[in-house]
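Participant: kindly generate the corresponding structure for this input.
(one chain, ligands or ions: 1)
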Amino acid sequence: MSVDIRFERLVLASRANAFASSPWTDAELVSEPHPDPIYLSHGAPSAEVEPVERLRVGADRAWGEAGGNLDYGEIAGYLPLREIILDRLQARGIQVGVDDLLVTSGSQQGIDLIAKLMLDPGDGVIVEGPTYIGAMQVFDAYEANYFVCPVDADGLCVDTLERLIADPENRIKLIYTIPTFHNPTGANLASSRRNRLLEMASRYGVLVVEDDPYGEIYFGNPPSPALRSLDETVIYLGTFSKIIAPGIRVGWMVAPPSLIPLLLLAKEGVDINCNRIMTRTVYHASCDFLDEHIVELRSFYEQRRNAMVQALTQSAPQDVTIMSVTGGFFAWCDLPEGSDTEKLRKIAARHGVGFLPGAWFYPEGQRASRGLRLSFSSLPVDRIVEGANRLGHAMSEYLSESR
Ligand SMILES: Cc1ncc(COP(=O)(O)O)c(C=O)c1O
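Facilitator: Okay, here's the model as predicted:
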C-alpha cells in the first residue's frame, strides 16, 4: 500500500492495508434518509445503567491520592484493582492469584498483545464464523491467515474445528473464541463442546484465547464456567466495558505464568502502563458495589431482550430464524438460504431501522450473508419494539421481492 504525502509517495508496511478503512464507518450511515431512524446496531451498554455518580466519587478519591501516582507506574495494573478483579473471575469459576493477571486498556488491548506475541504474517488463526469485528481488526494488522469455524445454537462447531486444527498446512497458532454469549450471535458454547475444544487445543498445541465480556450478564441460570476454569493454559480476557462503561478503557487478561513477563513487556512497549488515575477510579467505584450492580444489569437487559424477541417473533416472517439468547447484548436472525442481508439493510433503512449485516462479522473473502445482528442493550424498550416491528416489515418486503 502507498499514500501521497506532500507530493512524496510513501510506501507503507504491508500491514497498513488493515488500516485503509474502518469497519464501523458505515454502521449508522444507511438510515440517514429516514426522519426518525432506530439503530439496532450499537453494541454498547445503556447510558441509563452506567454508574456515573459512583465514578465521579471514585475519581475524587483517586485524585485525592494522586500525589506520587502521576509518575509512570505499575505495568500489571493497580494491585487493589487486580484484587477486585479476582472476584469477577471467581464468578466465572476461575481461581487465580493477582500475579496471573494484568490490567489492560480494555479487552481490545488484550487481543492485540496476544496477537503481537503469537503471530507472524501468514500464521493461522481460527475464529468463529461470525466473530467479533474488533478482533479481526487486530488479526488483520498482524496479517493472520483466517480459518473460519461455523457457530450454531450450541456455539462453535467442534467437528469443523478438528478438521481445521488437524491440517498442518493451516499452521494454526491460536483459536480466538467468545464461548459465552457470543458476539454477534448470542450463542453459548455447550459444555461438551467446551471440553472437546480444550482437548483438541491441547492435543495440537494451539493457544486458546477466550474473550468473555458478557459472561456475567445472563438471564436466568448462570452460564457454564469459563474455559479458563477448566484449563490453565487458556488466555482469558475480561472487561469493565459492559458492566461499568466502555469509555473508561479498563479490562484484564489472565495468562499462564510463563507468558506473563512477555505480555508485560509487550504492554510496556505499547502504552507503558494503564491510566493510573482511571484504574484507581474504577477501583473506588467498584468496591462494595459491583456485585449488586451486576444483579441489576441482568434484569435490566433481560427486559430489553424480552422486548426484542417478542416483537421480532410477532413481526418477522415465518421463515426467519431468531436464535435463542440467554445473556449478553445481542440477538441474531437468519433469513432463508440465499438471502443477502446487505440488500435487506437498504430496504430496512427506508423503514427507518439499522442493523449490522452478518457478512461484516466474517473475514474478507469468507463472508456468509443471510444473518444479521441486532443489539438490544443500548435502546429503551419502546424503541426496541418499534425497531423490531419496522425490521419485520422490511424483512417481509425483502423476501417477497426476492421470491
Ligand atoms: C467480544 C468482544 N471483545 C472485546 C470487545 C472490546 O471490549 P473492550 O471495550 O473491553 O476493549 C467487545 C466490545 O464490543 C466485544 O464484544
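
Participant: leaving out the residues flanking it, which one is nearest to the residue of the chain found nearest the ligand?
Facilitator: Scanning the chain for proximity to the ligand using CB to the nearest ligand atom identifies Gly106 as nearest, at 2.5 Å. Every residue, glycine included, has its C-beta placed from N, CA and C. Sequence neighbours aside, Gly251 is the residue nearest to Gly106 in space, at 4.4 Å (criterion: CB to CB, 6 or more residues apart in numbering).

Participant: okay, now the one you found: neighbour count?
Facilitator: 27 (other CB atoms under 10 Å).

Participant: go on, Gly205?
Facilitator: Burial of Gly205 is recorded as 10 neighbouring residues (other CB under 10 Å).

Participant: one more: Ala144?
Facilitator: Summarising burial for Ala144: neighbours were counted as other CB under 10 Å, giving 25.

Participant: least confident secondary structure element in this structure?
Facilitator: strand 2-5 (a mean of 67; mean pLDDT, DSSP states H and E).

Participant: what are the boundaries of the helices in the stretch 1-150 of the chain?
Facilitator: Remark: helices of the stretch 1-150 of the chain, listed N- to C-terminal, are 52-64, 79-91, 106-118, 133-141; assignment by DSSP state H, counting those that start in this stretch.

Participant: wait, which of these is closest to Arg305?
Facilitator: Evaluated over the helices of the stretch 1-150 of the chain, closeness to Arg305 peaks at helix 79-91, with 20.1 Å, by CB to CB.

Participant: pLDDT weak spots in the stretch 301-403 of the chain?
Facilitator: In the predicted model, the stretch 301-403 of the chain carries no residue with pLDDT under 70.

Participant: tell me what Ile322 is bridged to.
Facilitator: For Ile322, the residues forming beta bridges with it (DSSP bridges) are Cys333.

Participant: so what's it up against?
Facilitator: For Ile322, the contacting residues are 309, 312-313, 316, 331-333, by CB atoms under 8 Å, 6 or more residues apart in numbering.

Participant: taking those residues, please make a PyMOL selection of just the buried ones.
Facilitator: The PyMOL selection below is limited to those of the contacts of Ile322 classed as buried (16 or more other CB atoms under 10 Å):
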select buried, resi 309+312+316+331+332+333
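
Participant: dump the contacts of Ile322 into TSV; add distance to the ligand and secondary structure as well.
Facilitator: Listed next are the contacts of Ile322 as TSV, based on distance: CB to the nearest ligand atom, whole Å; DSSP: H, G, I helix; E, B strand; the rest coil:
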residue	distance to the ligand	secondary structure
Val309	20	helix
Leu312	21	helix
Thr313	25	helix
Ala316	24	coil
Ala331	14	strand
Trp332	13	strand
Cys333	18	strand
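
Participant: quick check: the farthest pair among the contacts of Ile322?
Facilitator: The widest separation within the contacts of Ile322, taken as CB to CB, falls between Thr313 and Trp332 and amounts to 13.9 Å.

Participant: indicate which one of the helices of the stretch 1-150 of the chain is closest to Arg171.
Facilitator: That would be, of those and by CB to CB, helix 106-118, which comes in at 11.7 Å.

Participant: got the residues of the chain near the ligand?
Facilitator: Counting by CB under 6 Å from any ligand atom, the chain comes close to the ligand at 43, 106-108, 132, 134, 178, 183, 211, 213, 239, 241, 246, 251.

Participant: flag the least confident of those residues.
Facilitator: Checked by pLDDT, these have Gly43 as the lowest-scoring entry (91).

Participant: is that residue in contact with Phe330, as I believe?
Facilitator: Yes: applying CB atoms under 8 Å as the test, Gly43 and Phe330 come out as touching, 6.6 Å apart.

Participant: now for those two: what residues contact both?
Facilitator: 183, 373, 375, 377.

Participant: what about those residues, which are in strands?
Facilitator: Secondary structure assignment by DSSP state E places 373, 375 of those in strands.

Participant: thanks a lot, catch you later.
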